[in-house]
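S.K.: Take this sequence and fold it.
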Amino acid sequence: MTARTGDELPPLRIPITRTLIVAGALASRDYQDVHHDAEAAREKGSPDIFMNILTTNGLVGRYITDHFGPRARLRKVAIRLGAPNYPGDEMVLTGQITSVAEGTAEVAVIGKNGIGHHVTGTVTVQLPSDAPGTTDASRTDAPGAIDAPRTDAPRTATTPDTPR
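M.R.: Numbers count the residues shown, from 1 in each chain. Got it, this is the predicted structure:
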C-alpha cells in the first residue's frame, strides 16, 4: 500500500448503540454512571448516556489499522472530544494523510455525528516494513527499534503479576 500526503481514507460509519456505549465503558473499566445509566445521565444534565473517550480512542485506532492493515502500528493518538455520541446516532470517521516520512504517516482524523464533530485529532502510524517508502531504520525488527508487540505473532494474555 502506498501512503501519500493528501490521500483521503474512506469513511467509516459506526452506528452508536446503547450496547456499544455500555460495552466500551465496561471494557475500559470506566464505571461512571453517565456511560450506562440514562436516569443518572439526565440528572447530571445530559439527555442520555454517552460514549466515553476510551471507546472513541479505540474506534479511531480501529479506523486507522483497518486502512493501513494489521501490521501497521499506532505510535501516537492525539484526540479531542467535542459533541457527545448518544445512542441512536451515527458517527462517521474520515481521515486525510497530512505527512509521510521515514516509514510513518500522520493522519488527521475527524468523527462527525448528528450534532457536530465528536472527535478531532491526529494519529501517527508506523507503516508496515514492506510498504513502499518504508526505510530499514523504521522497521520494528531493525537494531535499536522500539520493542513493540508484533501483530502477526500469536498473542497470549498475561497479568501484571505473571512473569514472562
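
S.K.: all strands of the chain, in order?
M.R.: 8-15, 73-81, 90-101, 104-112, 117-126 (DSSP state E).

S.K.: Would you tell me which of the ones you listed gets closest to Asp30?
M.R.: With Cβ to Cβ as the measure, strand 73-81 is the member of the strands of the chain nearest Asp30 (13.3 Å). Where you see a C-beta, it was placed from the backbone N, CA and C, and this is true even at glycine.

S.K.: Quick one, grab the pLDDT at Ala131.
M.R.: As predicted, Ala131 sits at a pLDDT of 52.

S.K.: which residues does the nearest residue to Lys112 once chain neighbours are set aside form a beta bridge with?
M.R.: Nearest in space to Lys112, with sequence neighbours left out and distances taken as Cβ to Cβ, 6 or more residues apart in numbering, is Val92 at 5.3 Å. The partner list for Val92 in beta bridges (DSSP bridges) reads Arg13, Lys112.

S.K.: okay if I get the strands of the chain as TSV plus distance to Ile49?
M.R.: Shown next, in TSV, are the strands of the chain (distance: least, Cβ to Cβ, whole Å):
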stretch	distance to Ile49
strand 8-15	15
strand 73-81	15
strand 90-101	15
strand 104-112	18
strand 117-126	14
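
S.K.: Reformat these as a markdown table; add distance to Pro47 and mean neighbour count.
M.R.: Below are the strands of the chain laid out as a markdown table (distance: least, Cβ to Cβ, whole Å; neighbours: other Cβ atoms under 10 Å):
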| stretch | distance to Pro47 | mean neighbour count |
| --- | --- | --- |
| strand 8-15 | 18 | 14 |
| strand 73-81 | 17 | 15 |
| strand 90-101 | 17 | 17 |
| strand 104-112 | 19 | 21 |
| strand 117-126 | 15 | 20 |
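
S.K.: got those as a markdown table, with mean pLDDT and distance to Thr2 columns?
M.R.: As requested, these are exported to a markdown table (pLDDT from 0 to 100; distance: least, Cβ to Cβ, whole Å):
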| stretch | mean pLDDT | distance to Thr2 |
| --- | --- | --- |
| strand 8-15 | 98 | 13 |
| strand 73-81 | 97 | 18 |
| strand 90-101 | 98 | 9 |
| strand 104-112 | 98 | 10 |
| strand 117-126 | 98 | 14 |
